[in-house]
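Chemist: Just need the structure, nothing else, for what follows:
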Amino acid sequence: MDFPDDLRYAEESLRQAEKEFLAGDDGIAEALLVRLATGTFSSDAETAREEMQRLDESRYVKWNRWEKRFEFAASFWKDEGYPSIDTTTLKASHPDWYTTRTGTATFVKELMIHRNLLAPTVDGERKGPATPPGNPSNKWLLDFVALSSLRLAFKNLWEQLVRDIVKKRPETNLTLVAERLGLTVQEVLHIARKIRDFDDQVIERDVSDSSKNLTYLCRRPDSSITPRVDITM
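Modeler: Model (predicted):
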């Protein structure tokens, strides 16, 4: 199976795990990690397991002293596979190309509706001692951080596929990249803008030369790069 197909298959398994998570099941990440542990994404599964072991519950469960209730916060969106959600509007604060593609903003919104929150303390009291790493009061957080870790890993893999292709040569047709990877042109454009070096140029539309439309210009190409998946120019 081609690597992009492998990646899409893994994402589909993750999407199914997210559905089970929203249904209220606990411990669903374990089965997914076991499935991924011996294949192409074994290192990503191991990283997700490590995230579960060092989970700091206080990072995700916040005390709202004005309303006297706890709130869930997937806050560090650049470092996580899921976006942060504005607790007032229930909209993603910083959606990116992957959030839009996978619908993960909806997942976090549904999570906030379907999961109850307990105080992130050992004794359940507001001023009680915080729970130790990897042993949260809200056990479902273990699943959340594992799924989030995998989402981030898969997003990074898509971006690495694009990066390796466009950094190998001085000029790359982004339409060919989209066709090869099975992404939309707009998704590839978003990735290209994100990963480009300062001196590089992403041309969406050239009014003077249409042959340059949807082109990535790399000022310092590295011909030694061997992309996992490449295009034929």
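Chemist: Which residue ranges of this structure form strands?
Modeler: Per DSSP state E, the chain carries strands over the ranges 61-64, 69-72, 171-173, 201-203, 215-217.
Chemist: Show the model's pLDDT score for the closest residue to residue 6 other than its chain neighbours.
Modeler: Nearest residue to residue 6, sequence neighbours excluded (Cβ to Cβ, 6 or more residues apart in numbering): residue 40, at 5.2 Å. Using the backbone N, CA and C atoms, a C-beta is placed for each residue, glycine as well. We note a pLDDT of 95 for residue 40 in this prediction.
Chemist: Residue 40 and residue 229: what is the separation?
Modeler: 13 Å (Cβ to Cβ, to the nearest Å).
Chemist: Ok, residue 5 next?
Modeler: Taking Cβ to Cβ, one finds residue 5 at 10 Å from residue 229.
Chemist: average pLDDT for the top helix by length along the chain?
Modeler: In terms of residue count, the longest helix belonging to the chain (DSSP state H) is helix 140-168. Averaging pLDDT along helix 140-168 gives 96.
Chemist: in that helix, what's buried?
Modeler: Buried positions in helix 140-168, judged by neighbour count with 16 or more other Cβ atoms under 10 Å: 140-155, 157-159, 161-168.
Chemist: next one: stretch 121-138
Modeler: 121, 131, 136-138.
Chemist: distance between the ends of that stretch?
Modeler: With Cα to Cα, to the nearest Å as the measure, stretch 121-138 spans 10 Å from end to end.
Chemist: gap between it and the chain center?
Modeler: Averaging C-alpha positions (Cα atoms, centre = their mean, to the nearest Å) puts stretch 121-138 27 Å from its chain's average.
Chemist: What distance do you get for residue 172 to residue 178?
Modeler: The value you get for residue 172 to residue 178, if Cβ to Cβ is used, is 11 Å.
Chemist: more crowded one of those two?
Modeler: residue 172 (24 against 20; other Cβ atoms under 10 Å).
Chemist: Tell me who's in contact with that one.
Modeler: Contact analysis of residue 172 by Cβ atoms under 8 Å, 6 or more residues apart in numbering lists 165-166, 215-216, 218, 231, 233.
Chemist: What's opposite it in the beta bridge?
Modeler: residue 216 (DSSP bridges).
Chemist: what separates the closest residue to residue 117 other than its chain neighbours from residue 134, distance-wise?
Modeler: Distances taken as Cβ to Cβ, 6+ apart put residue 70 closest to residue 117, at 4.2 Å, once the chain neighbours are dropped. The gap separating residue 70 from residue 134 is 20 Å, by Cβ to Cβ.
Chemist: So for the nearest residue to residue 17 once chain neighbours are set aside, what's the pLDDT?
Modeler: Leaving aside its sequence neighbours, residue 17 sits nearest to residue 32 (Cβ to Cβ, 6+ apart; 4.8 Å). Among the per-residue scores, residue 32 shows a pLDDT of 96.
Chemist: Check residue 77 too.
Modeler: For residue 77, the predicted pLDDT is 54.
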